[in-house]
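Asker: compute the structure for the input listed below.
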Amino acid sequence: MTINQLSIFIENKEGKLADLTSTLAKENIDIRAMSVADTQDFGILRLIVSDTDRAIAALKETGCIVSVTQVLAISISDTPGSLSTVLRILSDNHISVEYVYAFITRRQEGAYVVFRVADNQAAAELLTKHGVKLATKDDIDAL
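Answerer: As a prediction, this is how the structure comes out:
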């Protein structure tokens, strides 16, 4: 079970991130999770949003380069060691994590973690087998 993540190529210049988020706000699109990996000149903005299709259309209309990646999202307890346990399960079963980012929610009293791995299906089956709750798009949208 995967969710859609937007990856947006963005210039590392003053105001660019504000412009991009304003575009989404004008379309009434909620940002559920966000991560930025940058270099001196450019960055990759990764977003989980409330409406992927509308976000893509709005961003492309402004000239953004946008791609969609299938990622895993899990729900874990917001306690020390929860993330370590999940990462150990993946590592012990030779599933490499390309990148990861997390966010917490007070409404659910837990944390959500987004993973990019080479084989989403294998990772999902493994984590489910070990009792890790996979998060669905509906779970993320309900935040």
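
Asker: what's the helix or strand for I10?
Answerer: strand 3-11 (DSSP states H and E).

Asker: output the longest strand belonging to the protein.
Answerer: Longest strand in the chain, counting residues (DSSP state E): strand 65-76.

Asker: what residues does that one touch?
Answerer: Contact partners of strand 65-76, identified using Cβ atoms under 8 Å, 6 or more residues apart in numbering, comprise 1-9, 46, 48, 52, 55-56, 59-60, 82-83, 86, 108, 110-117, 120, 123-124, 127, 132-135, 139-140. Placement of C-beta: from N, CA and C, glycine included.

Asker: show me what V117 bridges to in the sheet.
Answerer: Residues in a beta bridge with V117, per DSSP bridges, are V97.

Asker: helix or strand with the lowest mean pLDDT in this structure?
Answerer: In the chain, no helix or strand scores lower on mean pLDDT, DSSP states H and E than helix 137-141, which sits at a mean of 83.

Asker: residues in contact with that helix?
Answerer: Helix 137-141 is contacted from outside by 3-4, 32-33, 48, 50, 73, 75, 112, using Cβ under 8 Å, 6+ apart.

Asker: now with 7 Å, please.
Answerer: Helix 137-141 has contacts (Cβ atoms under 7 Å, 6 or more residues apart in numbering) with 3, 32, 48, 50, 73, 75.
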